[in-house]
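S.K.: Mind folding the following:
(one chain, ligands or ions: 2)
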Amino acid sequence: MHLLITGGAGFIGSHVIRHFVTTYPDYTITNLDKLTYAGNLENLRDVEGHPNYRFVKSDITDSAAMLVLFEKERFDGVIHLAAESHVDRSIASPTEFVMTNVLGTVNLLNAARALWKEDFNGKLFYHVSTDEVYGALGKEGVFTETTSYDPHSPYSASKASSDHFVRAYHDTYGMPVVISNCSNNYGPYQFPEKLIPLFINNIRNNKPLPVYGRGENVRDWLWVVDHAQAIDVICHKGRRGETYNIGGRNEWKNIDLIRLLCRIMDRKLQRQEGESESLIEYVTDRAGHDFRYAIDSSKLQKELGWIPSLQFEEGLEKTVDWYLANQEWLDNVTSGVYKSYYRKMYG
Ligand code: NAD
Ligand code: TYD
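M.R.: Ligands and ions are numbered 1, 2, ... in the order given. Okay, the predicted model is just below:
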């Protein structure tokens, strides 16, 4: 089995690579990544020496390069995670999201189709997507696999579009595809532009914590290793042509999560109670800010037997411990280009 995993140097991708390389020593795992600001091979230092792991630096928007690579490597399956993934960046520069998330996905579908021709036996194109394609919920309700798509940000619109293309290749050409839509992930190796690592890093450096709006928005958080585990189960047992929602039924109002994080940080850094919380600053809300996400993953749980492993409080504590123990990683990824991004976004 030769598996191509795209975006393997990013946050979730690095956990998926680690999981597959160590769980399936008889598979060959090729990681294709462009190494954008969000991709970092340091995320994979512990697996890079494994004999079944290879890395290819390439760009999924380069259709010719994708055709050549597939022809040469003759992949049996693709797990596609490479994407531009941050909503705030998509608001600032939407076109890049169309290029990578939409065109990049179509290029991979074309390369897989060209290689596999009509012989799809034992093949799989697995597209990793987000719950954000379903739009925003009010105070009640949950997203299921049959919820209509209603994306609001350029990021979620580009992911929705890529999902539609993947389904279209299934319906039109018989491509064996599977799609999963997951809720917000947290854990080690997440780039510190996303809420949890950004706030851990700011607390560490005594910088303001920019809470959008009143902090009333709700997100449904999943431990990233549980996501990687779900991807394994869906890859091996998921019915082709199907969609599976992934989430841990773990909803938190942003401000409640931030206060919990502040308390953990005070304790870890031996600061006075309330010291981290005093860094909170309410700032202008994100444009088009989705109010609430909540995902129903009962299809995945009932059909394929997946269950999340970790309670949020325990996971958040582990996450904080990891960032504090890996300050060099944080310092490396927040140097240079990150600084100008931060100035542009937060002043
Ligand atoms: P990330 O931004 O941390 O990583 C993305 C990776 O893709 C990086 O390594 C980057 O270098 C690579 N990449 C970007 N453009 C590329 C290109 N043109 N060619 C090749 N590689 C390219 O993202 P993440 O948070 O790990 O998300 C991974 C996937 O999971 C994405 O498809 C995202 O939509 C989806 N997802 C993320 C979350 C979340 O909470 N982070 C939740 C659900 C789904
Ligand atoms: P984020 O981690 O960007 O994930 P997403 O937008 O994909 O859900 O943001 C999580 C929540 O935290 C979201 O409601 C926006 C909010 N947020 C802030 O309040 N301040 C910030 O600086 C960031 C990055 C996010």
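S.K.: what does the chain put close to ligand 2?
M.R.: 87, 184, 194-195, 198, 210-212, 217, 219, 254, 286 (CB under 6 Å from any ligand atom). All C-beta atoms are positioned from the backbone trio N, CA, C, and that covers glycine.
S.K.: R286 versus the residue lying closest to D290 once chain neighbours are set aside, what's the distance?
M.R.: Distance criterion CB to CB, 6 or more residues apart in numbering; nearest residue to D290, sequence neighbours excluded, is A136 at 3.7 Å. Distance, A136 to R286, by CB to CB, to the nearest Å: 12 Å.
S.K.: So the two - more neighbours on which side?
M.R.: A136 (18 against 14; other CB atoms under 10 Å).
S.K.: residues touching that one, list them.
M.R.: 150, 152, 290-293 (CB atoms under 8 Å, 6 or more residues apart in numbering).
S.K.: May I ask which of the residues you listed has the most neighbours?
M.R.: That'd be Y293 among the contacts of A136, by other CB under 10 Å, with 23 neighbours.
S.K.: So it sits against L137, correct?
M.R.: Yes: using CB atoms under 8 Å, Y293 is in contact with L137, at 6.6 Å.
S.K.: what touches both of these two?
M.R.: F143.
S.K.: can you give me the strands for this protein?
M.R.: Listed in chain order, the strands of the chain (DSSP state E) span 2-6, 28-33, 53-57, 77-80, 124-130, 177-182, 184-186, 209-212, 218-223, 243-246, 251-253, 280-283.
S.K.: These into CSV, with extra columns for mean pLDDT?
M.R.: Below are those laid out as CSV (pLDDT from 0 to 100):
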stretch, mean pLDDT
strand 2-6, 99
strand 28-33, 98
strand 53-57, 97
strand 77-80, 98
strand 124-130, 99
strand 177-182, 98
strand 184-186, 98
strand 209-212, 98
strand 218-223, 98
strand 243-246, 98
strand 251-253, 98
strand 280-283, 98
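S.K.: I'd like those strands as TSV, with distance to ligand 1 and mean neighbour count appended.
M.R.: Formatted as TSV, the strands of the chain follow (distance: least, CB to the nearest ligand atom, whole Å; neighbours: other CB atoms under 10 Å):
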stretch	distance to ligand 1	mean neighbour count
strand 2-6	6	24
strand 28-33	5	25
strand 53-57	9	16
strand 77-80	7	23
strand 124-130	4	24
strand 177-182	4	26
strand 184-186	4	22
strand 209-212	16	19
strand 218-223	8	22
strand 243-246	8	24
strand 251-253	13	17
strand 280-283	21	13
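S.K.: give me the number of residues near N254?
M.R.: The burial count for N254: 18, using other CB under 10 Å.
S.K.: List the contacts of it.
M.R.: Per CB under 8 Å, 6+ apart, neighbours of N254: 195, 211-212, 215-219.
S.K.: switch to 6 Å and redo it
M.R.: With contact set as CB atoms under 6 Å, 6 or more residues apart in numbering, N254 has these partners: 215, 217.
S.K.: where does the stretch 201-347 of the chain dip in pLDDT?
M.R.: For the stretch 201-347 of the chain, applying pLDDT under 70 flags no range at all.
S.K.: same question but for the stretch 51-200 of the chain, I mixed them up
M.R.: For the stretch 51-200 of the chain, no range has pLDDT under 70.
S.K.: what does it have sitting close to ligand 1?
M.R.: By the rule CB under 6 Å from any ligand atom, the part of the stretch 51-200 of the chain lying against ligand 1 is 59-61, 81-85, 100, 104, 128, 130, 159, 182, 184-185, 191.
S.K.: My guess is D33 contacts G10. True?
M.R.: No: applying CB atoms under 6 Å, one finds D33 not in contact with G10, separated by 7.1 Å.
S.K.: re the thing from before, do you know which of the strands of the chain lies nearest R45?
M.R.: When the strands of the chain are compared by CB to CB, strand 53-57 sits nearest R45, at 11.6 Å.
S.K.: hmm, who's touching that closest one?
M.R.: 21, 29-32, 35, 47.
S.K.: and with 8 Å instead?
M.R.: With contacts defined as CB under 8 Å, 6+ apart, strand 53-57 is touched by 8-9, 17, 21, 28-35, 41, 44, 47-48, 69.
S.K.: Pull out the buried residues from stretch 339-347.
M.R.: Judged by neighbour count (16 or more other CB atoms under 10 Å), stretch 339-347 contains these buried residues: 341-342.
S.K.: before we move on, what about stretch 314-332?
M.R.: With the criterion 16+ other CB under 10 Å, stretch 314-332 contains buried residues 315-317, 319-320, 322-323, 329-330.
S.K.: is stretch 295-305 up against ligand 1 anywhere?
M.R.: No: Stretch 295-305 lies apart from ligand 1 when judged by CB under 6 Å from any ligand atom; the minimum separation is 9.7 Å.
S.K.: That stretch: how far from the chain's middle?
M.R.: Relative to its chain's centre, stretch 295-305 lies at 19 Å (CA atoms, centre = their mean, to the nearest Å).
S.K.: buried set for it?
M.R.: Neighbour-count burial for stretch 295-305, counted by 16+ other CB under 10 Å, picks out 295-297, 299-301.
S.K.: Ligand 1: which of those residues is nearest?
M.R.: For the buried residues of stretch 295-305, the residue nearest ligand 1 by CB to the nearest ligand atom is I295; the value is 9.7 Å.
S.K.: List the beta-bridge partners for the closest one.
M.R.: I295 has the following beta-bridge partners by DSSP bridges: F143.
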